[in-house]
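S.K.: Structure, please.
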Amino acid sequence: MVFDQHSSDTQVARVRTIAQTLPDVAERLSHSAPSFFIGGKKTFVMFVDSHHNDDIVGIWCAAPVGEQQARIEEDPERFYRPPYVGHRGWLGVRLDRPVTDEELTEIIVEAWRCIAPKAPTRRVRREPPRAVDPDRRVRHRVLKRS
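M.R.: Below you'll find the predicted structure:
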């Protein structure tokens, strides 16, 4: 199925809407593609539209260890190993195939979690920070000085 420019615009808008809800995310072009960065430095999602004329409209995104392989085995029509970043475990997701908003959100949030510093990740997961035992911290400092 070939998608026109309007569809590509619709898909990048979907990705943008989801990515911009996450903390400390900035969008800018990278390699002529809309890309999303954490803290303006680390890419976690890149939108692709017929990259090197492959006719794929989709995203390349960070993924947890093993996720790329599992998703490709589960559904090779929608998921693939993207060039350049696939060897690092990144996942290619075809948006020119059916992907629900809920699934796309899950994939993008997981990509963000893979790259984000730990403190903001806790906020997105809505987990309370772990309690720190002040005695242990002091004991640790004392032991280091000895």
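S.K.: Next, the contact list for Arg14, please.
M.R.: Residues counted as contacts of Arg14 (C-beta atoms under 8 Å, 6 or more residues apart in numbering) are 95, 101, 104. Yep, even glycine has a C-beta here, placed from its N, CA and C like the rest.
S.K.: which residues sit against the helix or strand hosting Thr105?
M.R.: Taking DSSP states H and E as the definition, Thr105 sits inside helix 101-115. By C-beta under 8 Å, 6+ apart, the surrounding residues in contact with helix 101-115 are 14-15, 18-19, 22, 25, 38, 42-45, 59, 61-64, 67, 91, 93, 95, 121, 124-125.
S.K.: one more time with 6 Å
M.R.: With contact meaning C-beta atoms under 6 Å, 6 or more residues apart in numbering, helix 101-115 is reached by 18-19, 22, 38, 42, 44-45, 61-62, 64, 93, 121.
S.K.: returning to what we had before: most neighbours out of the contacts of Arg14, which is it?
M.R.: Of those, Leu95 is surrounded by the most neighbours, 23 neighbours in total, counting by other C-beta atoms under 10 Å.
S.K.: My read is that it contacts Trp60, right?
M.R.: No: here Leu95 does not reach Trp60: they are 11.3 Å apart, not a contact under C-beta atoms under 6 Å.
S.K.: buried set for the helix holding Thr105?
M.R.: Within helix 101-115, the residues that count as buried by 16 or more other C-beta atoms under 10 Å are 104, 107-115.
S.K.: Quick check: mean pLDDT of that helix?
M.R.: For helix 101-115, the mean pLDDT works out to 97.
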